[in-house]
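[1] below is the sequence, then the predicted model.
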Amino acid sequence: MNSRNQIRARSLRAVLLAGAGSTLLVAAMPAMAQDAAPAAQDEEDAIVVTGIRETIQNSINTKREETAIVDALSADDIGDLPALSVGQAIQTITGATTHREKGDASEIALRGLGPFLSNATFNGRDATNGSGDRSVNFNQFPSELVNNIKIYKTQQADLVEGGVAGTIEIGTLRPLDFGKRRIQGEVKAQYNPYGDRIVGSGGIGWRGTLSYVDQFANDTIGIAIGVQRNDTNNPEETYAASSTWVACRADNDASGNCDELQREDYGQDPYYLIPNSYIFRQISETDKRDAAFGAIQWRPSDRLNVNLDVQYSDRTFVESRRDLTISEARRGLTNVEYDENGIVRYLEGSSSLESNGSELSRSEEYLGGGLSIEWMPNDRLTLTVDGSYSRTIRKEIERNFRLRTDRMDVNGVRTAIDNQRIPYTYELAPGSFVPTITIDPRFDLNNHDLFWDDARLRRDESKRRNEIIAGRFDAAYELDGFLSRISAGARWSELTFRDYDLRNGDFNLGPDFTLEEDRQFNNQCRQIFPQTGYLSAAEGNGIHSWATFDVDCLFGAYLGTQDPGLPDELRSAANRDVTERTLAGYVMADYDADLGNMPVRGNFGVRIVRTDVTSTGLRSDLIIVPDDNDPTRFTLDESGDFETVQIKSRSTRILPSINAIFEVAPDALVRLAGYRAMSRPNPSALGAGRTFTLGESDDGFTSIEEAIDNVRANGSPRLKPLMSWNADAAVEWYPNKDSILSATLYYKQFNGGFQPVVYDEDFTINGETVTVPVTQTRNSPDKSRIYGLELTAATRFSFLPKPLDGLGAKVSYNYADSNFETQDIRLGDEYNPETETVTPGLIAPAGLSGYSKHVLSAQAYYEIGPVSLQAIYNYRSKYFQDFVGGNSQLRYVGPSETVDFRASLDLMKGVSLRFEALNIFNEPKATYMPVYGSSRQYHYYGSKYFIGLRARI
């Protein structure tokens with residue numbers, strides 16, 4: 001089945017499953033109501049419910065009891081969340097879906113809205129990560145050490161601000177509240193079929209978890225300790241175009257790079273969209289993580305409760321990448337066929353080919369925790385003080401090489417093509433994400449002799465440090481009458497984000513070594529292609545291997561060392577240094593009364609938030625470096641003299657909220673909510689740094705104008721929070737403990753969008769001041785909205801005859817419609833602050849980052865006696881995904897669906913055999929730039945299988 005038919009079939013399956021699942025569950029409602037008869041209910045109350053059924057029951061009960069509109073996943077026992085990772089667990093919750101990286105759930109989207117619009121907390125506190133955004137890095141926390149997850153779909157004044165789409169709260173257990181001793185150990189073996197295709201690897205990994213919970217001193221002191229070691233592999237195979245795309249004039253001169261369409265010609269001349277390069281990439285990877293958490297709870301009396309919790313995670317993964325690069329995708333283009341959106345369907349081109357390789361290592365260390373003291377001076381007043389700390393340090397080192405083609409091979413013999421640039425064709429069928437790139441058959445991609453020219457080595461190192469220090473004070477006073485409680489509090493936090501780009505420069509080695517030395521190094525550093533069956537699942541792809549080389553060997557041969565270390569100058573104009581201080585206060589009242597004979601409860605309040613941002617960047621003079629071989633060309637380099645630039649920004653926002661619950665029947669609720677919410681820009685998007693394409697000796701610049709066009713802002717410090725007014729209305733029916741049927745309508749009105757804006761900045765080049773237009777992002781005055789419908793149905797089919805009464809199911813679906821606009825930073829609408837005018841762009845805008853129109857999750861489970869089975873299906877329609885840091889071109893992710901399966905068998909009391917399978921059907925991820933349908937990248941990760949034993953006493 002080709003990729004276009006796969007997309008159609010995927011959408012059809014999602015629609016059919018949503019319809020069939022919802023119809024089946026709704027049809028079962030009368031039987032569910034009968035199952036709730038008092039006699040049957042009394043009999044059921046005597047049964048101890050465990051496993052998946054217990055988890056769903058707890059989740060239904062949590063949703064029913066909360067004042068806000070909440071969906072949850074919780075387990076009474078440690079390690080009982082039905083997922084391998086926290087991200088996978090979250091995507092089983094109504095309205096939540098994930099973005100998958102390396103086959104595992106990563107970024108979380110709520111109600112079809114991306115992670116930028118969500119806020120995530122860990123034990124009620126903000127947590128850091130190394131990605132530069134505000135989401136919790138869910139891969140850092142083992143699901144075995146988490147026992148509850150809540151998603152607040154509506155806001156209330158006492159919640160930490162930041163979630164327009166919602167707030168994700170992840171919690172670990174409190175040992176005294178747990179109330180029993182528990183010692184548990186679990187070991188799982190992993191098998192990855194893709195890993196088995198890596199030469200020298202068997203695709204085997206493992207993870208082990210050990211936890212201990214106990215209470216002492218007459219149950220006044222409790223402790224909880226958990227540790228995990230994870231040692232797995234996550235190979236990946238992918239095709240990708242570069243992240244920079246240009247609009248080429250249709251009357252392009254084929255002798256060189258295509259002519260880029262200028263903004264003043266938008267809408268007048270025909271064009272097609274082209275990236276700078278195409279890359280085929282094979283990745284071998286190992287992933288190791290050590291995680292630990294600990295908690296101490298002291299409750300000497302009913303009036304004092306002290307909790308201390310600490311979390312630690314140290315994750316290191318190493319990627320070995322081998323690339324085949326068509327480095328001049330804009331050069332020598334002929335016979336170009338394109339559609340009305342500028343998407344290329346066919347072209348012929350000629351480009352240098354490169355065999356590139358890199359060794360990438362990333363370590364990420366997380367340390368977080370907090371101390372909470374809750375004191376009740378009397379029966380009505382509760383005072384709570386909480387202090388927290390969270391820190392993430394991510395360090396990344398990449399060493400890579402480049403070897404290019406030449407008209408001669410490494411032995412000095414002319415090649416069959418007799419040119420360094422190799423002819424190729426590119427073809428993309430409508431609806432497909434797999435372009436067919438065919439290299440001239442006279443060129444043998446697997447011949448190492450053909451890759452040797454313009455040798456270049458590069459060492460890059462980056463270090464990110466994200467730190468949050470926070471404290472809050474809350475007071476709650478219980479009342480009699482309509483107002484049942486008054487709460488008030490204040491919170492202060494300081495977030496710092498520092499991102500250091502420590503590039504050691506490019507070692508362009510071509511002129512420094514003789515052909516004989518190049519031949520010697522080429523021969524001694526050759527390696528076989530590291531994988532079998534490369535991209536064999538991608539129908540239409542015809543490239544399955546190429547000549548590859550050993551990175552360590554080339555570094556040692558050319559430089560005399562495998563790692564040249566850090567550069568002498570650690571400062572860089574690309575560095576980010578952001579400090580954000582937040583001061584917030586709130587007051588909230590809970591109410592509980594009767595409206596006639598109908599109970600009514602809820603809360604109302606207001607939260608005031610002041611945010612101060614200070615962003616520090618460096619500016620460097622630039623010097624011109626002439627090309628020794630071509631006097632008409634030059635490159636730019638930093639002079640080493642830096643000036644510090646500081647940009648400050650402040651915003652104050654008022655966030656009122658009200659929640660109301662009407663108990664229209666003993667088993668039915670109607671909820672109404674109205675609130676104002678805010679989502680702050682990611683810390684990385686607030687950077688004040690600048691990046692420069694300095695050029696290379698073989699493809700530098702011919703004019704200052706061409707050079708300054710490559711100055712980019714790596715952030716927009718003036719960005720303000722995105723604000724929205726929101727309204728929700730929900731109807732919920734709870735026929736019995738296992739069942740729920742709910743529908744929620746929601747509406748959000750956004751004040752402002754995102755739009756490119758050009759600011760003129762002065763740079764000194766060779767001693768002369770040059771004004772450079774630098775594009776950033778601003779908050780536009782546009783208003784936009786989103787409305788949606790969220791449906792949930794769950795039940796256990798207990799009315800069926802045995803043994804079918806162990807069957808159960810849950811289906812959740814979210815539909816959202818939005819007119820929010822995000823412009824492409826290069827080809828979209830552009831605002832000029834001097835003239836206060838907007839210049840129309842060339843391509844259509846995207847929506848909200850992470851916004852999917854359709855999100856579907858379906859679960860079916862069967863539990864009877866010692867057997868537990870669960871299948872999970874997730875579907876998400878296409879969405880726009882911004883690059884971390886912002887100021888980038890539009891990237892779309894195609895629709896995706898995954899199927900996972902879990903099973904367990906109780907072997908004896910406290911001992912169970914467990915099995916899990918992820919991404920059973922090897923679902924790829926496809927992305928498009930800068931318009932949907934223009935293939936940018938596709939990934940294959942393969943399936944993963946886990947089998948293990950768990951023992952608890």
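    Here it is on my side, so go on. Residues are numbered from 1 along each chain as shown.
[2] so residue 60 sits in a helix?
    Yes: assessed by DSSP: H, G, I helix; E, B strand; the rest coil, residue 60 belongs to a helix.
[3] quick check: mean pLDDT across stretch 180-194?
    Average pLDDT, stretch 180-194: 93.
[4] swap in stretch 730-750?
    Stretch 730-750 comes out with an average pLDDT of 95.
[5] now the end-to-end length of it.
    Counting by Cα to Cα, to the nearest Å, you get 21 Å between the two ends of stretch 730-750.
[6] from residue 329, how far out is the residue lying closest to residue 244 once chain neighbours are set aside?
    In this structure, residue 244 finds its nearest non-sequential neighbour in residue 276, 5.3 Å apart by Cβ to Cβ, 6 or more residues apart in numbering. Using the backbone N, CA and C atoms, a C-beta is placed for each residue, glycine as well. Distance, residue 276 to residue 329, by Cβ to Cβ, to the nearest Å: 6 Å.
[7] quick one: contacts of stretch 366-380?
    Stretch 366-380 has contacts (Cβ atoms under 8 Å, 6 or more residues apart in numbering) with 122-123, 125, 127-129, 137, 140, 302-314, 382-392, 477-479.
[8] report the distance from that stretch to the chain centre.
    32 Å (Cα atoms, centre = their mean, to the nearest Å).
[9] how about it: buried residues?
    Within stretch 366-380, the residues scored as buried using 16 or more other Cβ atoms under 10 Å are 366-372, 374, 376.
[10] closest to the centroid, which residue in this structure?
    residue 107 (3.1 Å; Cα atoms, centre = their mean).
[11] contact partners for that residue?
    Residue 107 touches 98-99, 114-115, 133, 135, 850, counting by Cβ under 8 Å, 6+ apart.
[12] cutoff 10 Å now
    The contact partners of residue 107, by Cβ atoms under 10 Å, 6 or more residues apart in numbering, come to 87, 97-101, 114-116, 118, 131, 133, 135, 137-138, 849-850, 881, 884.
[13] of those residues, grab the buried ones for PyMOL.
    In PyMOL, a selection of the buried entries from the contacts of residue 107 looks like this (16+ other Cβ under 10 Å):
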select buried, resi 87+97+98+99+100+101+114+115+116+118+131+133+135+137+138+849+850+881
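[14] mind checking which of the contacts of residue 107 are in helices?
    Mapping the contacts of residue 107 onto helices (DSSP state H) picks out residue 87.
[15] out of the contacts of residue 107, which sit inside strands?
    Judged by DSSP state E, strands contain the following of the contacts of residue 107: 97-101, 118.
[16] which of the contacts of stretch 366-380 count as buried?
    122-123, 125, 127-129, 137, 140, 305, 307, 309, 311-314, 382, 384, 386, 388-392.
[17] show the end-to-end separation of stretch 126-143, please.
    Stretch 126-143 has an end-to-end distance of 18 Å (Cα to Cα).
[18] can you check stretch 876-893 too?
    So stretch 876-893: terminal residues 10 Å apart, Cα to Cα.
[19] tell me the buried residues in that stretch?
    Along stretch 876-893, these residues count as buried under the neighbour rule (16+ other Cβ under 10 Å): 876-882, 885-893.
[20] cool, and stretch 840-854?
    841-843, 845-854.
[21] for stretch 279-293, same thing?
    Neighbour-count burial for stretch 279-293, counted by 16+ other Cβ under 10 Å, picks out 279-289, 291-293.
[22] state the pair within those that is farthest apart.
    The span of the buried residues of stretch 279-293, defined through Cβ to Cβ, is set by 280 and 293 at 41.2 Å.
[23] what is residue 581 paired to in the beta sheet?
    Going by DSSP bridges, residue 581 is paired in beta bridges with residue 494, residue 612.
[24] equivalent analysis for the one 5 residues further on, please.
    Residue 586 has these beta-bridge partners by DSSP bridges: residue 489, residue 607.
[25] kindly report the same for residue 249.
    Beta bridges link residue 249 to residue 271, judged by DSSP bridges.
[26] list the residues that contact it.
    258-262, 265, 269-272.
[27] from those residues, which land in strands?
    Those of the contacts of residue 249 lying in strands (DSSP E): 271-272.
[28] format the contacts of residue 249 as JSON lines; extra columns: neighbour count and distance to residue 571.
    Output for those, formatted as JSON lines (neighbours: other Cβ atoms under 10 Å; distance: Cβ to Cβ, whole Å):
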{"residue": "258", "neighbour count": "24", "distance to residue 571": "37"}
{"residue": "259", "neighbour count": "17", "distance to residue 571": "37"}
{"residue": "260", "neighbour count": "16", "distance to residue 571": "33"}
{"residue": "261", "neighbour count": "22", "distance to residue 571": "37"}
{"residue": "262", "neighbour count": "10", "distance to residue 571": "35"}
{"residue": "265", "neighbour count": "13", "distance to residue 571": "40"}
{"residue": "269", "neighbour count": "13", "distance to residue 571": "43"}
{"residue": "270", "neighbour count": "13", "distance to residue 571": "45"}
{"residue": "271", "neighbour count": "24", "distance to residue 571": "40"}
{"residue": "272", "neighbour count": "24", "distance to residue 571": "41"}
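[29] how about TSV for the contacts of residue 249, with pLDDT and distance to residue 154 added?
    Formatted as TSV, the contacts of residue 249 follow (pLDDT from 0 to 100; distance: Cβ to Cβ, whole Å):
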residue	pLDDT	distance to residue 154
258	91	51
259	90	52
260	90	47
261	91	46
262	89	48
265	88	48
269	89	49
270	93	49
271	95	45
272	96	46
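[30] state the pair within the contacts of residue 249 that is farthest apart.
    The widest separation within those (Cβ to Cβ) is 15.3 Å, between 262 and 272.
[31] can you give me the end-to-end span of stretch 152-165?
    End-to-end span of stretch 152-165 (Cα to Cα): 9 Å.
[32] distance between it and the chain's centre?
    Stretch 152-165 sits 21 Å away from the centroid of its parent chain (Cα atoms, centre = their mean).
[33] so for that stretch, mean pLDDT?
    91.
[34] report the buried residues of stretch 202-220.
    By 16+ other Cβ under 10 Å, the buried positions in stretch 202-220 come out as 203, 205, 207-213, 215.
[35] among the residues you listed, which are in strands?
    In strands, defined here by DSSP E, the members of those are 205, 207-213, 215.
[36] residue boundaries of the strands in the stretch 201-350 of the chain?
    Shown for the stretch 201-350 of the chain, the strands assigned by DSSP state E, counting those that start in this stretch span residues 204-216, 221-233, 236-241, 245-249, 271-275, 278-301, 304-326, 334-338, 344-375.
[37] then the stretch 451-600 of the chain?
    453-478, 483-501, 506-508, 526-527, 548-549, 576-595, 598-626.
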